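**Q** Sharing a model that was predicted from the sequence below.
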Amino acid sequence: MSKDTDRPERPTSKDVARLAGVSHTAVSFVFNGRAEGNLSAATQERIRKAADQLGYRPNAVARGLRRRRTAVIGLVTDHIASSPFAGALLRGAMEIAWDSEHLVLTVDSSGDPAKEDAAVAELLDRRVDGIIYAAMSLRSARVPTGLSRTFAVLANCLPDDGSLAAVIPAERAGGRAATRLLTDAGHRRIALVGGLDDIASAERLRGFRDVLRSVGVRVGKEWIVRSGGEISAGYEGAMRLLDGVAPDHRPTGIVCYNDRVAAGVLHAAARLGIDVPGSLSLVGYDDQEHMAAFLSPPLTTVALPHRAMGETAARLLLDAIETGRDPVVELRRLECPVVSRASVGPPPSR
């Protein structure tokens, strides 16, 4: 006997109608969202109980064809596999989509423009209802060919041609929040370590300067150390600021480009015998999973809203699909929340 004949047949809406003692049309009304005003609450409940008993699920493909939708959205991103933050963004988008009875079909382009174009074309061929294009680090993004043919939203990147709605972190406000953690604790000798030639670095530096200006502090160029974004960059930057410098001439607080840089600063401080937070306070950025909370001391940081970006992008896309209108073309900046732990204290008294 073949596998096909062994497999139990999938229950149909007619089976549900027979068990519930109603018409096939009544079952269709319940599962197509047209029951209100056409069927009593008791009849609707009887139909749903019969469906549960049989294990019936509406045919999503057939329903999609009737509504000219597939209940699937695409998500094209550049580096899912290598980014520690991809999971949060994907989970946010997928959960919002699931709540609206949509699935998410995800494609990783590895940052290759040709692959991005091919991925969008493939998703369009599969008749997805819309597409989210997400970057794993904030940047100006080339809009893949074909996105204009469907509803589309960008997440964690800005369209280089200004053509699409985008959801990004409020990086300047995040830079302010990170610096304010130190000024509110009483610090005035504050440095910034790490950073790249990117949008996030520039915006966080603007926020850093905003707060210091508001408390009447001017920072010399030598206390803004653009050393990169890795642990080694934090170590090298901190050694430049701290090694061989008298305590009353070195910073008492450091804002770090990210949590990896902060880990490097912690390593340099330990090497030099500088206590954190007794003699030096640190603030990271990103709230990197499996890292920030496990440093010694646990790192006070500013979290990037990856999950919220996924959720917001999915909501914008699903609203567009539902209304048939493209999202308003604007940048939506999401708050970067503070995560307080143990790496910030008052400045040393001497």
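**A** Looks like it came in fine. Since we're looking at a predicted model, the values are computed, not measured. Numbering: from 1, shown residues only.

**Q** G174 against S201, yeah?
**A** No - using Cβ atoms under 8 Å, G174 is not in contact with S201; the gap is 11.7 Å. For glycine as for every other residue, the C-beta is placed from the backbone atoms N, C-alpha and C.

**Q** So for the two, which sits in the more crowded spot?
**A** Neighbours per residue, other Cβ atoms under 10 Å: of G174 and S201, the larger number sits with G174, 26 against 20.

**Q** Quick check: closest non-adjacent residue to the one residue sitting closest to the centre of the chain.
**A** By Cα atoms, centre = their mean, the chain has its centre lying nearest to H306, at 1.8 Å. Leaving out its chain neighbours, the residue that sits closest to H306 by Cβ to Cβ, 6 or more residues apart in numbering is A88, at 3.9 Å.

**Q** three-state assignment of the one you found?
**A** Judged by DSSP: H, G, I helix; E, B strand; the rest coil, the three-state class of A88 is helix.

**Q** List the contacts of it.
**A** Residues near A88 by Cβ atoms under 8 Å, 6 or more residues apart in numbering: E289, H306, R307, G310.

**Q** Got phi/psi on the last one?
**A** Its backbone dihedrals place G310 at phi -60, psi -40, with angles given as degrees, to the nearest 10.

**Q** wait, what's in contact with it?
**A** With the criterion set at Cβ under 8 Å, 6+ apart, G310 makes contact with A88, L89, L90, R91, G92, A93, M94, I96, I132, A134, A155.

**Q** what helix or strand is the fifth one on?
**A** When you say that, I think you mean G92. Using DSSP states H and E, G92 sits in helix 86-99.

**Q** How about residues contacting the helix or strand following that helix?
**A** Per DSSP H and E, helix 86-99 leads on to strand 103-108 as the next helix or strand towards the C-terminus. Strand 103-108 has contacts (Cβ under 8 Å, 6+ apart) with 71-81, 90, 93-94, 97, 119, 122-123, 126, 128, 314.

**Q** send the alpha carbons of strand 103-108 over as PDB?
**A** Extracted C-alpha coordinates of strand 103-108, given in PDB (Å, rounded to 0.1, in the frame of the first residue of the first chain):
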ATOM      1  CA  LEU A 103       3.700  33.800   7.500                       C
ATOM      2  CA  VAL A 104       7.100  35.400   6.800                       C
ATOM      3  CA  LEU A 105       9.300  34.000   4.000                       C
ATOM      4  CA  THR A 106      12.900  35.000   4.800                       C
ATOM      5  CA  VAL A 107      15.800  35.300   2.400                       C
ATOM      6  CA  ASP A 108      19.400  36.200   3.300                       C
END
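
**Q** sorry, back to before: ok, the residue nearest to the centre of the chain to S140 distance?
**A** Distance of H306 to S140, given as Cβ to Cβ, to the nearest Å: 19 Å.

**Q** Please narrow the contacts of strand 103-108 to those residing in strands.
**A** The members of these that map onto strands under DSSP state E are V72, I73, G74, L75, V76, T77.

**Q** Check the last one and give its pLDDT.
**A** At T77, the predicted lDDT confidence score is 91.

**Q** I'd like to know how many residues surround V245.
**A** V245 has 12 nearby residues by other Cβ under 10 Å.

**Q** nope, R218 is what I meant
**A** 8.

**Q** isn't it right next to L212, touching?
**A** Yes - if you go by Cβ under 8 Å, R218 and L212 touch, sitting 7.3 Å apart.

**Q** Show me which of the contacts of strand 103-108 are buried.
**A** 71-80, 90, 93-94, 97, 119, 123, 128, 314 (16 or more other Cβ atoms under 10 Å).

**Q** Identify the residues contacting the spatially closest residue to I96 that is not a sequence neighbour.
**A** Closest residue to I96 apart from its sequence neighbours, by Cβ to Cβ, 6+ apart: A314 at 3.8 Å. Shown in contact with A314 (Cβ under 8 Å, 6+ apart): I73, G92, A93, M94, I96, A97, V104, I132.
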